[in-house]
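In: sharing a model that was predicted from the sequence below.
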Amino acid sequence: MATFPCLFSPGRIGSLAVPNRIVFAATSSELADKDGFVGDDVVEYYAERARGGTGLIVVEATYVEQEGKRLHHNAMLHEDRFIPGMRKIVQAVHAQGARIALQLNHGGRESTVAVCGSIPLAPSPLASPFTGVGGEVVPKELTVGEIERIVGRFADAAVRAAEAGYDAVELHGAHGYLIGEFLSPEANKREDAYGGDTKRRARFCIELVQAIKARLGADYPVIVRMNGRDHVPGGLELDEAIEIATLLEAAGADSISVSGGVHASRPYMVVPGMSVERGCYIAYSEAMRQRLDVPVMTVGRINTPELAEEILARGQADYICLSRALIADPYFPAKARTGRVETIAPCIACNECIATVHRHKGLACTVNPMVSRELELKPLVAAKPIPRRIAVVGSGAAGMSAAVTAARRGHEVHLFEKEARVGGQLLLAYQPPHREEIENALRYFRAEVARLGVSVRLNAPFSLDDARTLDPQAIIVATGAAPLRPDVPGADLPHVLTGWRVLAGLEETGQICVVVGGGLVGMEVADHLAEQGKTVVLIARSELLKKAVHADRVYFLDRIAALNIEVLTHTRLLAVGEGWVEIAPENRIRRTLQGVDSVVFCTGYAPRKAETDALEGLGVPVHYAGDVLGSRKFFQAIEEGTMAALNIL
């Protein structure tokens, strides 16, 4: 049985006793209503993480004034009427034995006019370099009087948090929001008492700590979250961040929680994607811990209990902040404590969670379809279905998630796969450079299929005869999709290949390649080939990566530049010949590319539902999930497979 003595040792943050060293880092869920009230779905979301064994839960960024609100569904605490909802979260978390803090925030120049209702506020009138806030809106420079007002509003919100029962508050000084803007030499160009040197740039945050302590007493715990580095030119660097942390400690801060990056950082360091190394901020927390007497928290792609334990054992931090890892599996702590590490659903840093938040659609997770829907799905999950015999056809992401969910619910599950290995598209997804993390999702589902006793039949396409022999009481069809080839002259020539076969190593390209398709698969194939030293031209009908999450878009656009991949967007493929392709760039004359050795189509997939339509004549319920219904992302396929199994009662 795995043991993690450091991870599960008790600790203290000022006057607050914490049962273990695992902290759920504040993460926007977008579950509040448009006025900023939290409802029962938010309560259940946090209660589930507390049930899973987290020691300290830091509730997501909650805003201290309307002028600083960032997203449509951010939680608010700028008036007393928001206290009752916040109290419900506290009561639910305390009932499970966890401690709870509330993160207080002001968006500063990262706020948007459409949400906050006014021109964003900032230390200096410098537009955010992050285009996600709606273009270069020049913020209003705060006057000293306005700064004093905001300090008061942070203190007022902290008092409301304490009245709601929160054990502590956290000031969000990381990631380029208002507090972080004051700290950053890139964002703060003031020459008054709030800017000009390190101590003056730290003054705003120092005053926040002091104001809260003055209102709530010296013993009320205040955590400050801040960057170790901003990862932008001219931004905060580690040496100065350490000096600021010492000033905050002297002002009364009870803990420093160290993160990194702003929204304009590259790679996307606020929520680092799978191309960034695990534990990417450990060096920052380690350096701060050597200078500070208060406990230091670290964060950043820590997704296994082994890594968390190692960080603590080496003295690189006092607490481990997990965000996406606890979104992926809220029972990560309990499973680690009881030696069930192999059953932890892994965060693969795909960032679909953040993408859905920024689309104002709540929070989603590739490996955990339940997240942010805990309250909605609770009755369905709790229901005790009659055990049935179920056939699952296809073992990709949708099929395995369906099989695992059905088996967990007590059904007898038979998984049919026409190939020699389970995995479907997951077998290909981790092949391109820096996508290796996806293999952990494949390992997890394979292990769960085996652990739960699912009967797996390989090299076994599911036929009507199979159905009659097995006599299932329900069938889940997850047979995936077939690659589409554009209907152009020459599409069937021998040197015309498909992206998935190239990634799988089933087809080898020549030296000079034209990749057709600007979606994620096209980018992965282009990256894969260019890293092998091949010359790549990428053709796309529209802009690149229309459906990709921001982290992937940033990563691949940087890779294109680094690998010298020629990109032709808004371009149609007209014909393919021996050694050439003809293309039509939008509003320009046709062009022929010569010397082409291989053409690789990454142009989408066609559903294969027709292959299994005959199953509907068997007189048993047939459910469909994943690409068989049309092109899906992995998180959509896994959600559909899970829901198909949950709906078999």
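Out: Nice, thanks for sending it over.
In: when you work out contacts or count neighbours from here on, use the C-alpha atoms and nothing else.
Out: Noted.
In: quick check: domain ranges of the protein?
Out: 11-376, 384-483+606-646, 496-603 (automatic domain parsing).
In: possible to save the ones you listed as JSON lines with mean pLDDT and mean neighbour count?
Out: Shown next, in JSON lines, are the domains of the chain (pLDDT from 0 to 100; neighbours: other CA atoms under 10 Å):
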{"stretch": "domain 11-376", "mean pLDDT": "95", "mean neighbour count": "21"}
{"stretch": "domain 384-483+606-646", "mean pLDDT": "94", "mean neighbour count": "20"}
{"stretch": "domain 496-603", "mean pLDDT": "93", "mean neighbour count": "19"}
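In: quick one, phi/psi of the residue nearest to residue 65 when sequence neighbours are not counted?
Out: Leaving aside its chain neighbours, residue 65 sits nearest to residue 78 (5.3 Å; criterion: CA to CA, 6 or more residues apart in numbering). Per-residue torsions, residue 78: phi -90, psi 0 (degrees, to the nearest 10).
In: if I look at residue 78, how far off is residue 63?
Out: Residue 78 is 7 Å from residue 63, where distance means CA to CA, to the nearest Å.
In: just the element for residue 401, please.
Out: helix 397-408 (DSSP states H and E).
In: what do you get for residue 162?
Out: With elements taken from DSSP H and E, the one containing residue 162 is helix 144-164.
In: ok, now which ones touch the residue nearest to residue 65?
Out: Contact partners of residue 78, counting by CA atoms under 8 Å, 6 or more residues apart in numbering, are 63, 64, 65, 66, 153, 156, 157.
In: try 10 Å this time
Out: 36, 62, 63, 64, 65, 66, 153, 154, 156, 157, 158, 160 (CA atoms under 10 Å, 6 or more residues apart in numbering).
In: three-state assignment of residue 208?
Out: Taking DSSP: H, G, I helix; E, B strand; the rest coil as the rule, one finds residue 208 in the helix state.
In: among the domains of the chain, which is nearest residue 489?
Out: With CA to CA as the criterion, residue 489 lies closest to domain 496-603 of these, at 4.9 Å.
In: what's the span of that closest one, first residue to last?
Out: From its first residue to its last, domain 496-603 covers 13 Å (CA to CA).
In: how far away from the center of its chain is that domain?
Out: 27 Å (CA atoms, centre = their mean, to the nearest Å).
In: then stretch 180-188?
Out: Counting by CA atoms, centre = their mean, stretch 180-188 comes out at 26 Å from the chain centroid.
In: now stretch 433-452
Out: Its chain's average C-alpha position is 17 Å from that of stretch 433-452, according to CA atoms, centre = their mean.
In: so how far is residue 520 from residue 498?
Out: Here the criterion is CA to CA. By it, residue 498 lies 14 Å from residue 520.
In: any residues in contact with both of the two?
Out: Common neighbours of residue 498 and residue 520, using CA under 10 Å, 6+ apart, are residue 602.
In: correct me if wrong: residue 67 contacts residue 118.
Out: Yes: the pair formed by residue 67 and residue 118 meets the contact definition of CA atoms under 10 Å, at 6.5 Å.
In: overlap of the contact sets of these two?
Out: 111, 112.
In: ok so, going back, quick one: the domains of the chain as a markdown table, columns for distance to residue 4 too.
Out: A markdown table is the format used below for these (distance: least, CA to CA, whole Å):
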| stretch | distance to residue 4 |
| --- | --- |
| domain 11-376 | 6 |
| domain 384-483+606-646 | 21 |
| domain 496-603 | 32 |
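In: which SS state does the residue lying closest to residue 437 once chain neighbours are set aside fall under?
Out: Distances taken as CA to CA, 6+ apart put residue 348 closest to residue 437, at 5.4 Å, once the chain neighbours are dropped. Under three-state DSSP, residue 348 falls in the coil class.
In: what's near enough to touch residue 348?
Out: Residue 348 neighbours (CA under 10 Å, 6+ apart): 273-274, 301, 303, 324-325, 328, 365-367, 435-441.
In: so what's residue 98 up against?
Out: With CA under 10 Å, 6+ apart as the criterion, the residues that contact residue 98 are 18-20, 23, 47, 49-57, 90, 92.
In: for it, which non-adjacent residue is closest in space?
Out: Of all residues not flanking residue 98 in the chain, residue 55 sits nearest, at 5.1 Å (CA to CA, 6+ apart).
In: residue 47 too?
Out: Sequence neighbours aside, residue 93 is the residue nearest to residue 47 in space, at 5.1 Å (criterion: CA to CA, 6+ apart).
In: could you say what helices and strands the helix or strand containing the one you found packs with?
Out: Counting by DSSP H and E, the element that carries residue 93 is helix 83-95. Counting contacts by 3 or more CA pairs under 10 Å, 6 or more residues apart in numbering; DSSP states H and E, helix 83-95 packs against helix 40-51, strand 56-63, strand 75-76, strand 99-105, helix 144-164.
In: just say helix, strand or coil for residue 185.
Out: Secondary structure state of residue 185, per three-state DSSP, is coil.
In: would you check that it makes contact with residue 199?
Out: No: between residue 185 and residue 199 there is no contact under CA under 10 Å: 11.6 Å.
In: so what sits against both of these two?
Out: Common neighbours of residue 185 and residue 199, counting by CA under 10 Å, 6+ apart, are residue 240.
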